[in-house]
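Undergrad: sequence isn't available, so here's the structure alone:
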């Protein structure tokens, strides 16, 4: 489940400021320290791709956070603090609560939606889907209930059916109205057995995808994690000219594709090849 906290704004600044209240992993944190980090060799190469006047704004940094609301984090110290290293070029990595006000749940006093509320909602939805899966006929797409023909684009998941133990792995249409159902099944399929890899149906990045004038994209990940693919789903998308520090490639607004990424593969399994 990807957390969507209530009451946050997505800033496109290069880094948070001390005193900001941010939302990370079902918790609200206060930013206590922000310092520059030493770039790695790979990050130095990325920095060199920017114009000299923009490099300082792209520097990696380290941030310390103090938990204000939410359950104890497994990595926090005795002072309820954790640290993150943010790589070169990342911005908007920390969703910020407006004016520092954090909406809390009435059951635990945790940032809303709290983990228990999300788990309950998820369990109810999964039960309804399981009942629906038991009614799907062999050879039919579980999302729409129609027969999947050889001429139609489709995706088949191997192994036992994780939604219906009496059936084989399902085949979904790859048309638009069936993709969400395929993505939901892949999420369960990946979690059911270690080592299974995600396709573009569920591949996710917490970073912000920057789209340039030629339709190419770049993302530097977030929260210490690298971007798995520019074609993965991203927390946010932005045209390069909207960056507060400008575009290092000097892309023009004229003819710019906005946030439409060029070259997106039709087959979501292309990322696995």
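TA: Arrived safely. Just so we're clear, the structure is a prediction, and the values are computed from it rather than from any experiment. Numbering: from 1, shown residues only.
Undergrad: what's across from residue 22 in the sheet?
TA: residue 29, residue 96 (DSSP bridges).
Undergrad: can you report how many residues neighbour it?
TA: By other CB atoms under 10 Å, 23 other residues sit near residue 22. Heads up, the C-betas are built off the backbone N, CA and C, glycines and all.
Undergrad: and what of residue 150?
TA: By other CB under 10 Å, 5 other residues sit near residue 150.
Undergrad: is it fair to say it lies in a strand?
TA: No. Judged by DSSP: H, G, I helix; E, B strand; the rest coil, residue 150 forms no part of a strand; its state is coil.
Undergrad: how near is it to residue 174?
TA: Per CB to CB, to the nearest Å, residue 150 is found 13 Å from residue 174.
Undergrad: do residue 221 as well
TA: Residue 221 is 27 Å from residue 174, by CB to CB.
Undergrad: distance of the residue nearest to residue 189 when sequence neighbours are not counted relative to residue 184?
TA: The shortest distance from residue 189 to any residue other than its chain neighbours is 5.0 Å, reached at residue 157 (CB to CB, 6 or more residues apart in numbering). Distance, residue 157 to residue 184, using CB to CB: 12 Å.
Undergrad: and for residue 89?
TA: 32 Å.
Undergrad: who has more neighbours out of these two?
TA: residue 89 (26 against 19).
Undergrad: which strand or helix spans the more buried one?
TA: If you go by DSSP states H and E, residue 89 is not part of any helix or strand.
Undergrad: same check on residue 200?
TA: Using DSSP H and E, residue 200 falls outside every helix and strand.
Undergrad: for the nearest residue to it once chain neighbours are set aside, phi and psi?
TA: Leaving out its chain neighbours, the residue that sits closest to residue 200 by CB to CB, 6+ apart is residue 268, at 3.9 Å. In terms of degrees, to the nearest 10, the main-chain angles of residue 268 are phi -70, psi -20.
Undergrad: go ahead and confirm residue 162 touches residue 187.
TA: No. If you go by CB atoms under 8 Å, residue 162 and residue 187 don't touch, sitting 9.9 Å apart.
Undergrad: which one's more surrounded, those two?
TA: residue 162 (20 against 16).
Undergrad: where does the more buried one land on pLDDT?
TA: Looking at residue 162, its pLDDT is 88.
Undergrad: so it sits in a helix?
TA: No. Counting by three-state DSSP, residue 162 is not found in a helix; it is coil.
Undergrad: give the contact list for it.
TA: Residue 162 makes contact with 185, 188, 189, 192, according to CB atoms under 8 Å, 6 or more residues apart in numbering.
Undergrad: excluding chain neighbours, what is closest to residue 58?
TA: Distances taken as CB to CB, 6+ apart put residue 89 closest to residue 58, at 5.0 Å, once the chain neighbours are dropped.
Undergrad: look up how far residue 120 lies from the one you found.
TA: The gap separating residue 89 from residue 120 is 38 Å, by CB to CB.
Undergrad: do the same with residue 197
TA: To residue 120, residue 197 is 30 Å away according to CB to CB.
Undergrad: biggest helix in the protein by residues?
TA: Secondary structure assigned by DSSP state H gives helix 115-133 as the longest helix of the chain.
Undergrad: and it, which residues are buried?
TA: Across helix 115-133, burial judged by 16 or more other CB atoms under 10 Å covers 115, 118, 129, 133.
Undergrad: make TSV out of these and add pLDDT and distance to residue 169.
TA: As requested, the buried residues of helix 115-133 are exported to TSV (pLDDT from 0 to 100; distance: CB to CB, whole Å):
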residue	pLDDT	distance to residue 169
115	86	31
118	88	28
129	77	16
133	76	12
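Undergrad: now the residues you listed in JSON lines, with distance to residue 216?
TA: Shown next, in JSON lines, are the buried residues of helix 115-133 (distance: CB to CB, whole Å):
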{"residue": "115", "distance to residue 216": "37"}
{"residue": "118", "distance to residue 216": "35"}
{"residue": "129", "distance to residue 216": "37"}
{"residue": "133", "distance to residue 216": "39"}
